[in-house]
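*Asks:* Predicted structure and sequence below. I'll ask about it afterward.
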Amino acid sequence: MDPKTINIFDFTYDLPENRIARYPLPQRDASRLLIYQRKRITEDVYANISHHIPPGSFLFFNDTRVIEARLLFQKSTGGVIEIFCLEPHEIYADPTTAMLQTGKILWKCLIGGASKWKRGYILEKKIESGTGTILLNATYIEKRSDHFIIEFTWAPDNLSFAEILHHAGLIPLPPYIKREVEAQDAERYQTIYANHEGSVAAPTAGLHFTDAVFKSFAEKNIGWDFLTLHVGAGTFQPVKTDRLEFHEMHGEFIEVSISIIDKIIDHLDQTIIAVGTTSLRTIESMFWLGAKIILDPEIRKELLTVNQWDASELQVENLTARNSLVALRDWIQKNQFNNFFTKTHLLITPGYSFKIIKALVTNFHQPQSTLLLLVAALVGEEWKSVYEYALENNFRFLSYGDGCLLFRSEKQ
């Protein structure tokens, strides 16, 4: 199947407003879990997920941390301008480096009320913190096709941008959660293992996991580790074109480390499970990075990214996952990187041949979304049965909702 010819209207369903979870359950692992395997659907709760995973399996979690990306500035005239911090300017090597900048920074942003903000007008915000007053300024630098470049400056200038956002910003709940941010969201819209700051949306499949669940994994000889993909706002964007060939897939930063590559290689013969579509995209992207190195051993760092159509256009019929991952590991070692940061635009659609992942833990996704396409790629046409079952049995949908454990179709 040529992914460019896919019609997005074949991947829709009716999602009533009252099925979208507006709040998380009081207990993370009390969320319901739909299990799909070999065309059979059962259900349980996340507290018991280890009962449904084969011993010896290995799970990968995304340990990105959501930043307080929404900044509200009030003009002297009383009007409010909202700045949504999308991702660092391209002059910074990676989100971690950017978040540690002190004094000033350039950031790619969306602006609510941009027409009220004239070039040259500096927005000012005063924040009272536990250690004193912080003064934050925002200057409109440039308008691009789908975002603005904003310069932030602040005092005291010894504070990092991460600290500034923590004091001044709000957690960016998804647009389909139609309520104001509340105090509990600061904790509940983060996984318990969130570590590396840089996302503007949570890797929501991980919101259901608790220390008790991890303990049950250890007891059942199920391994796990953490990788990093910084989730961008594009993850919420529905596909707005009929055919996929006209859809531009958003890019997201991933961190590739030798230790994670080695973990994947060591468990290729076991059941490798991605917790979340972001973890899945990260792991499958590693295969395509390795493939590009094999096709061009002298490829430059700035060209080593994963493009939207790489999975359908690169000629890699006889390339094994092991050989590709070894090539990626050797390239990182040769170039003496501790961790390699790059971007992935990988679009996974029905017809995609999974190279590494055998199962996925994920929430229920929006109609006509690239995330739903990914689910359909994994389980085939049975995605419709999975979603019909979830709707008929009152599962809660989207970020704060319930989730599922999906084993790859046997046709893969």
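*Replies:* Received, thanks.
*Asks:* Name the residue closest to the centre of the protein, please.
*Replies:* Centroid-nearest residue in the chain, with C-alpha atoms, centre = their mean: V231, separated by 3.4 Å.
*Asks:* show me the contacts for it.
*Replies:* 62, 64, 66, 199-203, 252, 278 (C-beta atoms under 8 Å, 6 or more residues apart in numbering). C-beta coordinates here come from the backbone N, C-alpha and C atoms, glycine included.
*Asks:* Quickly note the distance from the closest residue to E410 other than its chain neighbours to A376.
*Replies:* In space, and not counting its chain neighbours, E410 is closest to R38: 6.8 Å by C-beta to C-beta, 6 or more residues apart in numbering. Using C-beta to C-beta, to the nearest Å, R38 is found at 17 Å from A376.
*Asks:* neighbour-wise, which of the two wins?
*Replies:* Using other C-beta atoms under 10 Å, the more surrounded residue of R38 and A376 is A376, with 24 against 8.
*Asks:* Not counting its own residues, what contacts the strand or helix carrying the more buried one?
*Replies:* Using DSSP states H and E, A376 falls within helix 370-379. When contacts are defined by C-beta under 8 Å, 6+ apart, helix 370-379 is touched by residues 6, 8, 11, 36, 235, 239, 244, 247, 249, 277, 280-281, 347-352, 354, 357, 360, 362, 365-366, 383, 386, 406-409, 412.
*Asks:* Buried among those residues? Make that a ChimeraX selection.
*Replies:* In ChimeraX syntax, the buried subset of the contacts of helix 370-379 is picked out as below (16 or more other C-beta atoms under 10 Å):
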select :6,8,11,36,235,239,244,247,249,277,280,281,347,348,349,350,352,354,357,360,362,365,366,383,386,406,407,408,409
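*Asks:* Let's see which of the contacts of helix 370-379 end up in helices.
*Replies:* Taking DSSP state H as the definition of helices, the contacts of helix 370-379 contribute 277, 280-281, 383, 386.
*Asks:* Out of those residues, the closest to G120 would be?
*Replies:* Using C-beta to C-beta, R281 is the member of the ones in helices among the contacts of helix 370-379 that lies nearest G120, at 40.3 Å.
*Asks:* my guess is that closest one meets L347, correct?
*Replies:* No - counting by C-beta atoms under 8 Å, R281 does not reach L347; the two are 9.2 Å apart.
*Asks:* What residues does S216 make contact with?
*Replies:* 48-50.
*Asks:* Output those residues in JSON lines, with neighbour count appended to each entry.
*Replies:* Below are those laid out as JSON lines (neighbours: other C-beta atoms under 10 Å):
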{"residue": "N48", "neighbour count": "13"}
{"residue": "I49", "neighbour count": "24"}
{"residue": "S50", "neighbour count": "20"}
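*Asks:* Inside helices: which ones of those?
*Replies:* Per DSSP H, these never map to helices.
*Asks:* Tabulate the residues you listed in JSON lines, adding columns for pLDDT and distance to L295.
*Replies:* Shown next, in JSON lines, are the contacts of S216 (pLDDT from 0 to 100; distance: C-beta to C-beta, whole Å):
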{"residue": "N48", "pLDDT": "98", "distance to L295": "44"}
{"residue": "I49", "pLDDT": "98", "distance to L295": "38"}
{"residue": "S50", "pLDDT": "98", "distance to L295": "40"}
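*Asks:* Filter those residues down to the ones in strands?
*Replies:* In strands, judged by DSSP state E, none of the contacts of S216 are found.
*Asks:* Pick the one among these closest to K125.
*Replies:* For those, the nearest to K125 is I49 (42.8 Å; C-beta to C-beta).
*Asks:* which regions of this protein lie under the pLDDT threshold?
*Replies:* 411-412 (pLDDT under 70).
*Asks:* got the domain boundaries for it?
*Replies:* What automatic domain parsing lists as the domains of the chain is 3-65+189-407, 69-170.
*Asks:* related to what we said a few turns ago, drop anything exposed from the contacts of V231.
*Replies:* 62, 64, 66, 199-203, 252, 278.
*Asks:* element containing the nearest residue to E142 once chain neighbours are set aside, please.
*Replies:* Spatial nearest neighbour of E142, excluding adjacent residues (C-beta to C-beta, 6+ apart): I149 at 4.1 Å. According to DSSP H and E, I149 maps onto strand 148-155.
*Asks:* Parallel or antiparallel, list what pairs with that strand.
*Replies:* Its sheet considered, strand 148-155 pairs with strand 104-112 (antiparallel), strand 132-143 (antiparallel) by DSSP bridges.
*Asks:* which is the next helix or strand following that strand?
*Replies:* helix 161-168.
*Asks:* how about that next one: buried residues?
*Replies:* 161-165, 167-168.
*Asks:* Which member of these is positioned nearest L391?
*Replies:* L165 (37.0 Å).
*Asks:* Could you check how far the nearest residue to the closest one once chain neighbours are set aside is from F337?
*Replies:* Nearest non-adjacent residue to L165, counting by C-beta to C-beta, 6+ apart: E68, 4.5 Å away. Going from E68 to F337 by C-beta to C-beta gives 30 Å.
*Asks:* who has more neighbours, those two?
*Replies:* More crowded of E68 and F337, by other C-beta under 10 Å: E68, with 20 against 14.
*Asks:* wait, what's in contact with the more buried one?
*Replies:* 165-166, 168-172.
*Asks:* sec struct for it, please.
*Replies:* For E68, the assignment made with DSSP: H, G, I helix; E, B strand; the rest coil gives coil.
*Asks:* Which two among the ones in helices among the contacts of helix 370-379 are spaced furthest apart?
*Replies:* R281 and V386 (19.7 Å).
*Asks:* hang on, the earlier thing: tell me which of the domains of the chain lies nearest to E180.
*Replies:* domain 69-170 (8.9 Å).
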